[in-house]
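Engineer: Sequence isn't available, so here's the structure alone:
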Ligand SMILES: Nc1ncnc2c1ncn2[C@@H]1O[C@H](COP(=O)(O)OP(=O)(O)OP(=O)(O)O)[C@@H](O)[C@H]1O
Ligand SMILES: [Mg+2]
C-alpha cells in the first residue's frame, strides 16, 4: 500500500533525491554537504510551528514545482537599467554565472573573484571547507548547503580600498521558473574597504525560487558596506540568509531594500567577535498587493566594546504584510556593549499588517541597549499643510513617505547607489494609489 | 474678491460656525477678533479646504468661483493662502525642498514654467533677508525645532514667496517679539495692493497698529456679532468682549 505524502515530506524526499544525483559535484565541500544532509534529515523544513518562522509560512512554496537551472542567454541591453554607473559587475542568470554579462576585468590583483562552483571544484582541497553559516539554524541553510550549485566567492586581500561598488546581479530571466540555491562567500582582509551591492531582479515575469546563503568574514579593521536590492517579480520566492563575522575594529554596514517577491525573507546574523567591532543594519520594505516581507536579524555581541544598531522600516499598501524579528544577544562579559534597535511601520492601507518582535537576551551588566517599534499612518496635519501650499495630493504623499524613509537613504555613502535607490523608491511610490492612502485617515 | 454667505459648519457633530457672513473686496484688509474657541481657526480651515469640516449651509464665492468646489491644493493655486496658527513640523522634508515644490506647484497651476534652482535660491535668500530670517534655518526640516517666532516668520516667508491673492493670517502675531512683529507686518503690507486682500485673525490690537485694517469684525460663538473700523479694535482692547456685549446692548 502506498502512503500519501504531505507536500513537505514530498519535498524533503525530492530534495534528497536531487542531492543524491549531484553528490559528486563540488568535491571541495563534500564533507560539509554530507553533514548538511544529516542535519536536514533531522530538522527538516521550517513550518509555522518553528519559532523563528512563526510569521512566515512557506506552505505554498512547498506545493510549487520548479525547474533546475539551465543556461539562458540574456541580451545585455536589457540589463542596462539595473546597472550602477561605474560599478564592477558580476551577473548570474537563473543562478548560473554569466561571464558575457559580467564586467570584472578590474579584479586583477586587488580582488580575487571566482564562482563557487570553481572554488569548490578541486578534489577535497578545501575540505573540510570552513563555513561560517550555521547549518543547524532553522530555515533553509542546510538545504542550501547540500544543494548549492553556484554563487560568488569574493576575496579582498589586506590593505585594499575598492572605491567603486561591486555589483552582483542575480537575474531571473523572462518566463523562468527555476529553483536556485546560491552560496556567496565574501572575505575582506585586514584594513580593507569595499562596497558590494546585490541586486535581485526579474526580466519580464518569472516564478522562481531563490534560496541564497551569504557568508561574510571581516578581518581586523575591515570595512564592508553591503546594499541589497530585492526587486524580484511579485510571483517569486526569495529566501536569504546572511551570516557575518567581525574581528577587532571591523565595521559592517548593511542595507536591505526589499520590494519584490511574493514572499521574501531576509535573515541576517552578525557575530561581533572582536573588540570595537560594530555594525549597522538597516532595512526597508516597500510592499503591496499580497506581498509578504520578513526581515529577521540576530546580532551577537560576543565580546566587549562593540556597538550595533538596527533600523528597519516598512511601507505597506493593500493587504501586504511585513515581519520584523530582531534578536540581540549579549554574551557574559561583553561589557560596554551598545545595542540599539528600532522598527517603524507606515501603513498606507487598512488591510496591511506589520508585526514586530524584538528579543533581547543580555548576560552582561554594563550594557546600553534599547529597542522600540511603532506602527502608524501618514500624518494628516502634515499632508494638509503641504496641500495648503499648492502641492497636489500625490506629490504630498510621496514627499511624506520619502521623509519617512529618509534616515535610511541619507546615510548611504555611495552617490550612485543612493540615486539608484532614491529613483527606485520614487517610482514605487508613483504606483501607489493616492485615494487609497487617504482612505486610511 | 471673497464672499462668505450664511456659512454653517459642523465638526465631528459639533456646530462651530452658525451663519457667518463676510464680504471682502479686492484690496481690503479685514481683521477678525473674538474669544478663544469662537471659531476663528475653523473659519480659516474651511477657507483653505481642510477635510473633516461639514458645511451644512451657506456658500463661499472666491473671484466668482465656488471655492467649496476646489480641493485644498487647487485653492492654493487659485490664490488662497493660510498662515497657520500652529505651523506643522514635518521631519524628513527639508524646508528648501518644501518651498521649491510648493512654489513650482503653484506656478504649474497658473501655467507658468518651474523656477530654476539658481533663481529659486536667489529669491528665497532675498525674501528671508527681508524678513530677518537666517537662511540656514531653511536647510533644516520643515518647522522642526524652529522656535515659535521662527515658525511664524517661516509662514510669512511662504506667503511672500507664493504671492497669494487672498491671505488668511491666523494669529501670526502671537508669540512674536517686537522685531518679528514688525517684520511680519511689513510682509503683509508688502503684499497690499488693489487686487489682493487679506484676513488677519488676531487677539491683539498691537498688530493692527502696524497693519491698519479697513474693517474689524468680532466673531463670537460662530457668528459675526460686531463689525466696524479700526476703532472697534481699540474699544475691544479697553473693554474686552464682555464690554462689547454692553456696547451692543446699549
Ligand atoms: N476637530 C474638532 N473636534 C471637535 N471640536 C473641535 C474641532 N476643531 C475645533 N473644535 C472646537 O471648535 C471650537 C472653535 O475652535 P477654533 O479653533 O476655531 O477656535 P478659535 O476661535 O480659533 O480659538 P483660539 O482663539 O483659541 O485660537 C472650539 O470649541 C474647538 O474646541
Ligand atoms: Mg484659533
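Structural biologist: Sure thing, it's come through. Here the structure is a predicted model, which is why all the values come from computation and not from measurement. Numbering: from 1, shown residues only, chains lettered A, B, ... in the order given. Ligands and ions are numbered 1, 2, ... in the order given.
Engineer: quick one, phi/psi of the residue nearest to residue B:176 when sequence neighbours are not counted?
Structural biologist: Leaving aside its chain neighbours, residue B:176 sits nearest to residue B:149 (5.3 Å; criterion: CB to CB, 6 or more residues apart in numbering or on different chains). Bear in mind the C-beta positions are built from the backbone N, C-alpha and C, glycine included. Per-residue torsions, residue B:149: phi -70, psi -40 (degrees, to the nearest 10).
Engineer: What's the local residue count around residue B:149?
Structural biologist: Using other CB atoms under 10 Å in any protein chain shown, residue B:149 is surrounded by 18 other residues.
Engineer: now for the one helix or strand residue A:117 maps to, which elements pack on it?
Structural biologist: Using DSSP states H and E, residue A:117 sits in helix A:116-119. On a contact count with 3 or more CB pairs under 8 Å, 6 or more residues apart in numbering or on different chains; DSSP states H and E, helix A:116-119 meets strand A:152-156, strand A:179-188.
Engineer: and with 10 Å instead?
Structural biologist: In terms of contacts (3 or more CB pairs under 10 Å, 6 or more residues apart in numbering or on different chains; DSSP states H and E), helix A:116-119 is packed against strand A:96-103, strand A:152-156, strand A:179-188.
Engineer: Next, the angle strand A:179-188 makes with the shortest one.
Structural biologist: The one in question is strand A:152-156. Computed with axes from the mean of the first three to the mean of the last three CA atoms, to 10 degrees, the direction of strand A:152-156 lies at 0 degrees from that of strand A:179-188.
Engineer: pLDDT of strand A:152-156, averaged?
Structural biologist: What strand A:152-156 shows for mean pLDDT is 93.
Engineer: can you check stretch A:101-115 too?
Structural biologist: 79.
Engineer: For that stretch, measure first residue to last.
Structural biologist: End-to-end span of stretch A:101-115 (CA to CA, to the nearest Å): 14 Å.
Engineer: Quick one: mean pLDDT over stretch A:131-139.
Structural biologist: Mean pLDDT, stretch A:131-139: 91.
Engineer: in that stretch, what's buried?
Structural biologist: Neighbour-count burial for stretch A:131-139 flags A:131, A:133, A:134, A:135, A:137, A:138, A:139 (criterion: 16 or more other CB atoms under 10 Å in any protein chain shown).
Engineer: quick one: the strands in chain B?
Structural biologist: B:2-11, B:14-24, B:29-33, B:53-62, B:65-66, B:80-83, B:90-94, B:141-142, B:166-170, B:197-201, B:215-220, B:223-228 (DSSP state E).
Engineer: Would you check the distance separating the fourth one from the middle of the chain?
Structural biologist: So that's strand B:53-62. Distance, stretch centre to chain centre, for strand B:53-62: 18 Å (CA atoms, centre = their mean, to the nearest Å).
Engineer: so what does that strand touch, helix or strand wise?
Structural biologist: strand B:2-11, strand B:14-24, helix B:40-48, helix B:72-78.
Engineer: So for it, mean pLDDT?
Structural biologist: 96.
Engineer: Buried residues of it, list them for me.
Structural biologist: Buried residues in strand B:53-62, counted by 16+ other CB under 10 Å: B:53, B:58, B:60, B:62.
Engineer: repeat for the third one
Structural biologist: Along strand B:29-33, the positions that meet the burial threshold by neighbour count (16+ other CB under 10 Å) are B:29, B:30, B:31, B:32, B:33.
Engineer: Mean confidence (pLDDT) on the host helix or strand of residue A:214, please.
Structural biologist: Applying DSSP H and E as the criterion places residue A:214 in strand A:209-218. If you average the pLDDT over strand A:209-218, you get 96.
Engineer: could you give the angle of it to strand A:179-188?
Structural biologist: 10 degrees.
Engineer: which is the next helix or strand following strand A:209-218?
Structural biologist: Following strand A:209-218 in sequence, per DSSP H and E, is strand A:223-231.
Engineer: For residue 19, which residues are in contact?
Structural biologist: Here I'm looking at chain A. If you count contacts by CB atoms under 10 Å, 6 or more residues apart in numbering or on different chains, residue A:19 has them with A:25, A:33, A:34, A:36, A:37, A:40, A:143, A:145, A:146, A:147.
Engineer: Switch to chain B, please.
Structural biologist: Neighbour list for residue B:19: B:4, B:5, B:6, B:7, B:8, B:9, B:57, B:58, B:222, B:223, B:224 [criterion: CB under 10 Å, 6+ apart].
Engineer: My understanding was that the residue nearest to residue B:176 contacts residue B:179; is that so?
Structural biologist: Yes: look at residue B:149 against residue B:179 with CB atoms under 10 Å: they come within range, at 9.0 Å.
Engineer: Residue A:185 contacts residue A:150, correct?
Structural biologist: No: Residue A:185 lies out of contact with residue A:150 (CB under 10 Å); the separation is 11.7 Å.
Engineer: which residues are common contacts for the two?
Structural biologist: Joint contacts of residue A:185 and residue A:150 (CB under 10 Å, 6+ apart) are A:116, A:119, A:120.
Engineer: Put together JSON lines for those residues, with neighbour count and distance to ligand 1 on each row.
Structural biologist: Shown next, in JSON lines, are the shared contacts of residue A:185 and residue A:150 (neighbours: other CB atoms under 10 Å in any protein chain shown; distance: CB to the nearest ligand atom, whole Å):
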{"residue": "A:116", "neighbour count": "21", "distance to ligand 1": "61"}
{"residue": "A:119", "neighbour count": "23", "distance to ligand 1": "65"}
{"residue": "A:120", "neighbour count": "27", "distance to ligand 1": "66"}
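Engineer: Put together TSV for those residues, with distance to residue B:118 on each row.
Structural biologist: Output for those, formatted as TSV (distance: CB to CB, whole Å):
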residue	distance to residue B:118
A:116	52
A:119	53
A:120	57
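Engineer: ok, so of the residues you listed, who is nearest residue A:301?
Structural biologist: residue A:116 (30.3 Å; CB to CB).
Engineer: what is the mean pLDDT for stretch B:167-187?
Structural biologist: pLDDT averaged over stretch B:167-187 gives 89.
Engineer: Could you do stretch A:38-51 as well?
Structural biologist: 92.
Engineer: Off-centre distance for that stretch?
Structural biologist: For stretch A:38-51, the separation from the chain centroid amounts to 21 Å (computed by CA atoms, centre = their mean).
Engineer: Contacts for that stretch next, please.
Structural biologist: So stretch A:38-51 is contacted by A:7-9, A:11-12, A:15-16, A:19, A:52-59, A:61-62, A:134-147, A:239, A:265, A:325 (CB under 10 Å, 6+ apart).
Engineer: and the gap between the residue in chain A that chain B sits nearest to and residue A:386?
Structural biologist: Closest approach of chain A to chain B (CB to the nearest CB) occurs at residue A:403, with a separation of 2.7 Å. Distance from residue A:403 to residue A:386, counting by CB to CB, to the nearest Å: 10 Å.
Engineer: and the closest residue to chain A within chain B, how many neighbours does it have?
Structural biologist: Closest residue of chain B to chain A, CB to the nearest CB: residue B:92 (2.7 Å). Neighbour count of residue B:92, defined by other CB under 10 Å: 18.
Engineer: ok, and the closest non-adjacent residue to residue 180?
Structural biologist: This is for chain A. Once flanking residues are discounted, residue A:180 sits nearest to residue A:95: 3.1 Å by CB to CB, 6+ apart.
Engineer: should've been chain B
Structural biologist: Excluding its sequence neighbours, the residue lying closest to residue B:180 (CB to CB, 6+ apart) is residue B:149, at 4.7 Å.
Engineer: which residues of the stretch 301-441 of chain A score low on pLDDT?
Structural biologist: A:434-441 (pLDDT under 70).
Engineer: any chance you could map the helices in it?
Structural biologist: Here the stretch 301-441 of chain A has its helices, by DSSP state H, counting those that start in this stretch, at A:380-387, A:393-409, A:415-430, A:434-438.
Engineer: which residues sit in contact with the spatially closest residue to residue B:138 that is not a sequence neighbour?
Structural biologist: Counting by CB to CB, 6+ apart, residue B:138 lies nearest to residue B:95, which is 4.3 Å off, once chain neighbours are set aside. Taking CB under 10 Å, 6+ apart, we find residue B:95 in contact with B:124, B:135, B:137-144, B:146, B:154, B:157-158.
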